[in-house]
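> got a predicted model here, sequence first, then my questions.
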Amino acid sequence: MKRGTRRIETQLAVIGTGIAGFAASIFALQRGLDVAQFGHSGAMAYTTGYLDLLGVHDQRVRTDPWAALDDLRRDEPHHPMSGLGNQTIRTAFDGFTDALGEMGIGYTRAGERNLSGLLPNGIAKPTLSVPDTMLAGITALETGARTLVIDFDGLQGFSAKAFEVNFAERWPALRSARLTFPGMENRQVFPEVLARSLETRATQDALAEAIRPLLNGAEYVGLPAILGMHAPDAVLARMQEAIGVKLFEIPTIPPAVPGIRLRECFERAFPEMGAKLEPQLKVANVEFGVSGATLYLHGPMEDLQVEASAVLLATGRFLSGGLRSDQHRLSETLLDLPIRQPEGRQEWFRREYLDPRGHPVNRLGVEVDSTFRPIGPDGDPVHEKLFAAGAILAHQDWARQRCGAGLAIATAYSATEAATAALG
Amino acid sequence: MNAMAKRIHEADVLVIGGGATGSGVMRDLALRGITCLLIDRKDLNAGASGGNHGLLHSGGRYAAADAETAAECMREGEILKRLAPECIDDCGGVFVAVEGDDVDFAARFPEHCRVAGIPCEPLTAAEAREREPALPEGIIAAYAVPDATIDPFRVVLENVGHAERQNDSRYLPHTEVEAFEIVDGTVISAQCRDRRSGDPIEIRARQFINASGAWAEKVARLAGCKDVSLLYSKGTLLISNTRVTNGVVNRLRLPDDGDILVPGGTVSLLGTSSVTVEDPDGVAPTIPEVDRILAEGAAMLPVLNETRFVRAFSGVRPLLKSAGSEADGRKANRGFALFDHEDQGLTNFATVAGGKFTTFRLMAEKAGDLVAQRLGNAEPCKTNVEPLPSGDALRWTEPGAAARDWFKRSDPTDMILCECEMVARSAVDTILQDAPGAEDHMSLKAIALRSRIGKGACQGAFCSMRVTSYLYDRGVYDSPDGLRLMREFVQERYKGVRPVLWGAQMPQAELAEILHCGLAGMDLAADEDGGTGK
């Protein structure tokens, strides 16, 4: 059988299917561009579901992310967020969470202070926006409310006991219990399977019935993040009503439901919004010509050739395949964009894993100009219509700075703004 | 709380050092009916016994330079193959010379082997590549020898387990000797400290054996003995993600960096460097060492250039000082010595030092003979005839063993805690219940030492969190201390991971950091308590 080639045209080709890529597509659509998005990454399943803006600066946890951003501009002028004003960042952040809400996953709007997002080991992290399904947990911790956290037989890496023991000093009214998930006796269970199972009314009722006798005066109940996949807010409301107390989710170790929800939500909504989305296709090659770029992709059945007027690169770092290395050199995988090379491999990582300064390799990446166009060693753009956003950018350490979502969303916002302008 | 409450233990013999030799002495004596207390300042195999490639030497590597050690390796290797087959993969080995290697050295190899009593079969290049397809075209000489591999963790766990089943012999981890109480040439007790709690411990015994490996000189000096003089030779090894060769592959030349590749179950170990260091404490592999070992290894096996390495580690060989050994540890005697310390004015203290993993049983036998004679015990050594049994709680250190067991059990409720190495809850349960040290507080690190947890491609990113959760569930952990122990574990693993971070390990490292910092907040927790883990 002869292998065919499908040709499509688009104004903006977004490469990458993480938060930055999806945010870029959302903003580009809002700006009226014709958008096509490609990627192959499953890294979304590694998120907690929390959207951080800036939680740590100068090696300290910050409660006011906006003041922290002011300090970031002063201390790290090359940080990708440093070139953007707080108002722009807020507009971008709210634009993204509003879009999520419209697509069916409610998130809190960006406030003035960071929230203490609960983590599975019984600790908290600074974050700015949380799924509506996780909000009650933050209130419960803040008020020290009588709370019951539940885990399930056969669910790995989530121990309600660990959650209770580690929060004990700060949250004495916290208790833990273990249940067998309805219909899943004597087996290993996975969050994704539990979440899909909880979309049915029968499972919701059975679980609520199992929880009710354990309440013993608890005002809140915490569960691992399993409250449905496609309509978590509706599942939350139903379950709260059935149990009679406030309910919240706690992130789990990956692959975790909050990230899978986001990915499936985008994949469901984007075609309706008019974007061409190929979430399982890897871009094999990009060639730039006078009027734009040609992208080459190899699908399972046919090849795809995309003529794009502009390209936005949001391919992430090593985990998502945007960057790679051999024994001696770091490189950008798709276009071999210049990456600053340190003196040798000993300069990539520090000697101590948890050195609060973070590892230098995390701050290496694609260098861009003020309009998020990758630049060469001479400081000039590699191409007039090539833009980059998200974790692939140099001069940031999103995991340590707790700024992953902020970085992805804000740079995607500004990069699409620049791309729109460039497309006239 | 009474901080000064001193714990007191008594035994016939105190054995200091939980490596191959110390555990071997413990078993040797227990089989003669003598009760031992074995202590280690850390845990089993914390020194060279856990920092080697697990090569059960045929002796071929030493045949040219040290026929005596070579012959000793050959004899001991055969005894262990017969008596501890569960711990050994009798995979055979080849010595190969590639283009550029010394042709004359290669030609003399069979004669050196003959002198040392090592069977040595010449192979054509084609035969060598048939045995080991990864070998390159340009082989100028090749010989087959009876090399094998041994699981050093399994052996030591079995030694301790077997001894504990003989009589009241016991093992105490994290117990460090600080001083000896000596009266009229007799050691009365060892004044020790529990390194975790800081509590003092007194151990009274009739005989004291110092088998502390690279720390033997320091421990001997605590007893006032100045006759033990060691050279510390740091060796670094790389661990690959998969098994590269069928058997052991040695470069046919005088020992140098990167010239042995040793299979270990489902992985391979490449080494070894030899760098003289001042202090046996705090050694860690470096990036230049790793690069040099890999470059040397790839000259022999080009496939190593494309091999994924998941970790490096270093051990310190305790070598007996001899003429010319100061400058080059490889010239030092690989033999061992038993110091009775009588010329140092002590009657019930002895040190056994030097040697090789392959010869640990013989070292233990010699030390056991001395102790038995001093105690008036006429029982002969039995470790040369009595098989080493296989304990149910001790079989989790071999790469691949946990996976085989899990598939065989096919119990849907038995969950895998470590996916890279397929270590299930049931394995952790048996370790918690029965492994040496189980009566003590078992941490993630202690379980990892007794299994393959944390040793696969993800290097502890997921399993550290899964096992920690499980230990909370089981009540083994009941305070935030469990999170501190998890942090210490991943920090320690990282020291070996860092030098091999490139290529396919970069995504792993990135994911690990996302989990450890983003989801487990380890960087911020380290901040809260000053990052010292105290």
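Received, thanks.

> quick one: is the helix or strand in which B:Glu488 is found near chain A?
If you go by DSSP states H and E, B:Glu488 is part of helix B:481-497. Yes - residues of helix B:481-497 are located near chain A by CB under 8 Å from any CB of the partner chain, namely B:482-483, B:487, B:490-491, B:494-495. Heads up, the C-betas are built off the backbone N, CA and C, glycines and all.

> and these, which is closest to A:Pro279?
Closest to A:Pro279 out of the residues of helix B:481-497 next to chain A is B:Val490 (32.2 Å), distances taken as CB to CB.

> ok, the helix or strand hosting B:Cys192: who's next to it in the sheet?
Secondary-structure element containing B:Cys192, defined by DSSP H and E: strand B:186-194. With DSSP bridges as the test, strand B:186-194 is paired with strand B:175-183 (antiparallel), strand B:200-210 (antiparallel).

> mean neighbour count, the ones you listed: which tops it?
Counting by mean count of other CB atoms under 10 Å in any protein chain shown, strand B:200-210 has the highest mean neighbour count of the strands paired with strand B:186-194, with a mean of 22.

> circling back to that earlier point, okay if I get the strands paired with strand B:186-194 as JSON lines plus distance to B:Phe349?
Formatted as JSON lines, those follow (distance: least, CB to CB, whole Å):
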{"stretch": "strand B:175-183", "distance to B:Phe349": "8"}
{"stretch": "strand B:200-210", "distance to B:Phe349": "5"}
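
> quick check: buried residues in the helix holding B:Glu488?
B:482-497 (16 or more other CB atoms under 10 Å in any protein chain shown).

> please apply the same query to stretch A:143-151.
Within stretch A:143-151, the residues that count as buried by 16+ other CB under 10 Å are A:145-151.

> and which of the residues you listed is nearest to B:Leu304?
A:Asp151 (44.2 Å).

> would you map out the domains in the chain?
All of this refers to chain A. When chain A is parsed into structural domains using automatic domain parsing, the resulting residue ranges are A:5-105+A:259-422, A:121-252.

> if you could check chain B rather than the one you did, that'd help
When chain B is parsed with automatic domain parsing, its domains come out as B:7-48+B:153-229+B:334-375, B:55-150+B:231-320, B:392-528.

> show the backbone phi and psi for residue 296.
By default, I'm working from chain A. phi -110, psi 130 (degrees, to the nearest 10).

> up against chain B, what does the stretch 1-150 of chain A have?
Neighbours of chain B within the stretch 1-150 of chain A, by CB under 8 Å from any CB: A:46, A:48, A:56, A:59-61, A:119-125.

> among those, which ones are in strands?
A:56, A:60-61, A:119, A:123-125 (DSSP state E).

> of all pairs in these, which one is the farthest apart?
Among those, A:Arg60 and A:Leu119 lie farthest apart (CB to CB), at 18.4 Å.

> sorry, back to before: and the residues of helix B:481-497 next to chain A, which is closest to chain A?
B:Tyr494 (3.7 Å; CB to the nearest CB).

> contacts only, for the nearest residue to the closest one once chain neighbours are set aside.
Spatial nearest neighbour of B:Tyr494, excluding adjacent residues (CB to CB, 6 or more residues apart in numbering or on different chains): A:Tyr353 at 3.7 Å. If you count contacts by CB atoms under 8 Å, 6 or more residues apart in numbering or on different chains, A:Tyr353 has them with B:490-491, B:494, B:498, B:516.

> and the nearest residue to B:Pro380 once chain neighbours are set aside, what's its pLDDT?
Nearest residue to B:Pro380, sequence neighbours excluded (CB to CB, 6+ apart): B:Arg32, at 7.7 Å. pLDDT for B:Arg32: 98.

> next up, the contacts around B:Arg32.
With CB under 8 Å, 6+ apart, B:Arg32 has these contacts: B:368, B:372, B:377, B:379-382.

> chain A: which of those is nearest?
Distances from chain A to those, taken by CB to the nearest CB, are shortest for B:Gly368, at 41.9 Å.

> nearest to A:Lys282, out of the contacts of A:Tyr353: which one, please.
B:His516 (28.0 Å).

> what sits closest to A:Glu267 if chain neighbours are left out?
Nearest one to A:Glu267, counting by CB to CB, 6+ apart, is A:Pro279 at 5.5 Å.

> I meant to write A:Gly21 there.
Using CB to CB, 6+ apart, the nearest residue to A:Gly21 is A:Ala314, at 4.0 Å.

> which residues are in contact with A:Thr17?
A:Thr17 neighbours (CB under 8 Å, 6+ apart): A:37-41, A:44, A:263, A:266, A:279.

> give me the subset of these lying in helices.
A:263, A:266 (DSSP state H).

> pull the helix or strand with minimum mean pLDDT from chain B.
helix B:522-528 (a mean of 73; mean pLDDT, DSSP states H and E).

> how far does stretch A:117-137 sit from its chain's centre?
14 Å (CA atoms, centre = their mean, to the nearest Å).

> where does pLDDT dip in chain A?
A:1, A:41 (pLDDT under 70).

> helices along that one, start to end?
Under DSSP H, chain A gives helices at A:19-30, A:65-75, A:86-103, A:135-143, A:160-167, A:191-197, A:201-211, A:232-243, A:257-273, A:398-401, A:404-422.

> what is the third one packed up against?
Contact partners of helix A:86-103 among helices and strands, from 3 or more CB pairs under 8 Å, 6 or more residues apart in numbering or on different chains; DSSP states H and E: helix A:19-30, helix A:65-75, helix A:257-273, helix A:404-422.
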